[in-house]
Each structure stands twice: as C-alpha cells, then as structure tokens.
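In: give me a model of this one.
(2 chains)
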Amino acid sequence: AQTVTQSQPEMSVQEAETVTLSCTYDTSESDYYLFWYKQPPSRQMILVIRQEAYKQQNATENRFSVNFQKAAKSFSLKISDSQLGDAAMYFCALRAGGTSYGKLTFGQGTILTVHP
Amino acid sequence: SAVISQKPSRDICQRGTSLTIQCQVDSQVTMMFWYRQQPGQSLTLIATANQGSEATYESGFVIDKFPISRPNLTFSTLTVSNMSPEDSSIYLCSASGYNEQFFGPGTRLTVL
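Out: As a prediction, this is how the structure comes out:
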C-alpha cells in the first residue's frame, strides 16, 4: 500500500517571496511517479510538476521546483517569486506501478495563502 | 494530453434518490478512475472503471452504492445511489496518460 503525508495543513507567503511545501511518502514499488497538483476554488485539479522516481535530477517548471530525496522518501515543492494566483490547495500525490498502475494516492493537502 | 468533461457540474439532490455523473474524455484512454473529495478533504479513489467489464472498487466502496459503467474507451458514468447527506462531496473523473494523470472539473453534489 502507498501512503502520502503532508504535514502542513496551511502555509502562507508574501507575494514575491519563496515558500516550500513538504511531502513524504511510502511505497514498496521501485517504479513510481510523484506529482504536485494545485486545486483552486474552481476545484479543477491542475498539474504543477511531476517527478519520475528513476530520475535523480530534480524537476523544474518555471517558478516551481522540487527537492526529491528518494532515500528519505521526501518530495517537497518550492514556489519562487510567489504570485497571488498561486493561492490554492496543493496536493502531493504518488502513482506507483505494478498492480496499482494509474491509481493516485493523495496527501491531505496544504492550503497556501499568498499575501500582497 | 486529454481533456475531460463532466456532467452535471453540480447538483442538489434529495435523500434517497440517485444521481448519475457522466465523464467524457476527448481521446481514447486505457484507464479511467473515479475519485471522491469530501468537504475540506483530500481525494479518495472510489474505483477503476474498466472498459467492457465490472469496475474494480477500493476498500470501503461497493458496487451497489456506486455503480460504474464504461462502455468504451472515452466515456464512463458513476451513479451515487440511495443518497444520504454523507454523500455530499465533489466527484472527479480521472484518466491516466503515460506520465500524467488528467482530471475532469468535478461534480459538486449536495444531498439534503
């Protein structure tokens, strides 16, 4: 079974500053993907960034980057130059291979507030 | 990439009734899923919608309560049966791509 834990129910950041959201996970699979999703009040799930477990290099997408520590099973999201539009609920998610292929296990979510 | 649409986007229903939610993908996908998001909570997988066969349900979810159909590779329905206020949630359809998971906009269900 897979588990994903987000220990920060809420975070806040000043506009233009940097914030890091934490995520830890557990899986017995060797082949898996990790994702960060953003869910604004519109409730649409928006993919922020993904990381393949076999890749050692941390993924980066514009202002979003991850710190993937495979041995520690840690997958944090860093948002640089925060913008008001970044305010949302953020979910960390794990997609394992094998018989669980395609199924996502989500963390509890972190509500991010961006202050002007 | 795939674009997923859901109907209805929201509904208010009476206790004891049933609601069927439709999910349409704009391209053929191998795997489709249904998730539930209770108010203020995370997403929980209800079931995998299998094309041409019975859905595979996760622990805590049963076919009698959440019957699912998937007649082809682009369409699926989820029925929430004999509803109670505890079924008030957002229901999301999802499809798997090679290295991405796509989500529909969700159906917000309120049961009175």
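
In: tell me the contacts of residue A:37?
Out: Residues near residue A:37 by CB atoms under 8 Å, 6 or more residues apart in numbering or on different chains: A:45-48, A:90-91, A:93, B:103. Where C-beta positions appear, they are placed from N, C-alpha and C, glycine not excepted.

In: which of those residues ranks first by neighbour count?
Out: Highest neighbour count within the contacts of residue A:37: residue A:45, with 28 neighbours (other CB atoms under 10 Å in any protein chain shown).

In: burial measure for residue 7, as a count.
Out: Since no chain was named, I'll use chain A. Counted by other CB under 10 Å, the residues lying close to residue A:7 total 11.

In: please go with chain B instead
Out: Residue B:7 has 14 nearby residues by other CB under 10 Å.

In: re earlier: which of the contacts of residue A:37 lies closest to residue A:32?
Out: residue A:93 (10.5 Å; CB to CB).

In: so what are the sheet partners of whatever helix or strand the closest one lives in and their directions?
Out: Under DSSP states H and E, the secondary-structure element containing residue A:93 is strand A:88-96. Paired with strand A:88-96 in the same sheet, following DSSP bridges, are strand A:32-39 (antiparallel), strand A:104-106 (antiparallel), strand A:110-115 (antiparallel).

In: in CSV: those, plus mean pLDDT.
Out: Formatted as CSV, the strands paired with strand A:88-96 follow (pLDDT from 0 to 100):
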stretch, mean pLDDT
strand A:32-39, 95
strand A:104-106, 95
strand A:110-115, 98
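
In: turn the ones you listed into CSV, including distance to residue B:37.
Out: As requested, these are exported to CSV (distance: least, CB to CB, whole Å):
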stretch, distance to residue B:37
strand A:32-39, 9
strand A:104-106, 9
strand A:110-115, 14
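
In: residue B:109 is nearest to which of those strands?
Out: If you check each of the strands paired with strand A:88-96 against residue B:109 by CB to CB, strand A:32-39 wins as the nearest, at 17.0 Å.

In: can you name the residues of chain B that neighbour chain A?
Out: Applying CB under 8 Å from any CB of the partner chain, we find that chain B lies next to chain A at B:30-31, B:33, B:35, B:37, B:41-45, B:48, B:90, B:92, B:94, B:96, B:99-101, B:103, B:105-106, B:108.
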